[in-house]
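Asks: Here is the input, now give the coordinates:
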Amino acid sequence: MGQNEELEMQVFQIISAVGTARSCYIEAIHAAKDKDYERAAELLKKGDVSFSEGHDSHLELLGREAEGEAVACLLVMHAEDQLMSAEAFKLVAQELIDVYKEINKK
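Replies: As a prediction, this is how the structure comes out:
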């Protein structure tokens, strides 16, 4: 496998992992809305595992860049956008779950 193919595979792994994380975070919001806070917590944890996989792959790419390998490309930028999007969804999910919990206390 050539260097470009290897880079593309790694970038697609990032996109896939953080896409899974984002989906888990969204599902966690829905679970909280249905008052299933245990399921919401499980989904947040599952999302965190996927997010960590994507984040670790991203850090590896940054390391390769620091060593002088050119890894910047449109696909990498897309993966970074997806990474940031998943992180934002996690923050929103955590806040919404807390809001649902507070509303349902009353």
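Asks: ok, the residue lying closest to residue 26 once chain neighbours are set aside to residue 12 distance?
Replies: Nearest residue to residue 26, sequence neighbours excluded (CB to CB, 6 or more residues apart in numbering): residue 89, at 6.5 Å. The way it works is simple: take the backbone N, C-alpha and C, and place the C-beta from them, glycine included. In this view, residue 89 and residue 12 are 20 Å apart by CB to CB, to the nearest Å.
Asks: the helices in this structure, which residues?
Replies: 3-33, 37-66, 74-105 (DSSP state H).
Asks: Can you tell me which of these is most buried?
Replies: Greatest average neighbour count among the helices of the chain goes to helix 3-33 (a mean of 19), per mean count of other CB atoms under 10 Å.
Asks: Tell me the spacing between the residue nearest the centre of the chain and residue 104.
Replies: Ranked by distance to the mean C-alpha position of the chain (CA atoms, centre = their mean), the top residue is residue 18 at 3.1 Å. Applying CB to CB, the value for residue 18 to residue 104 is 30 Å.
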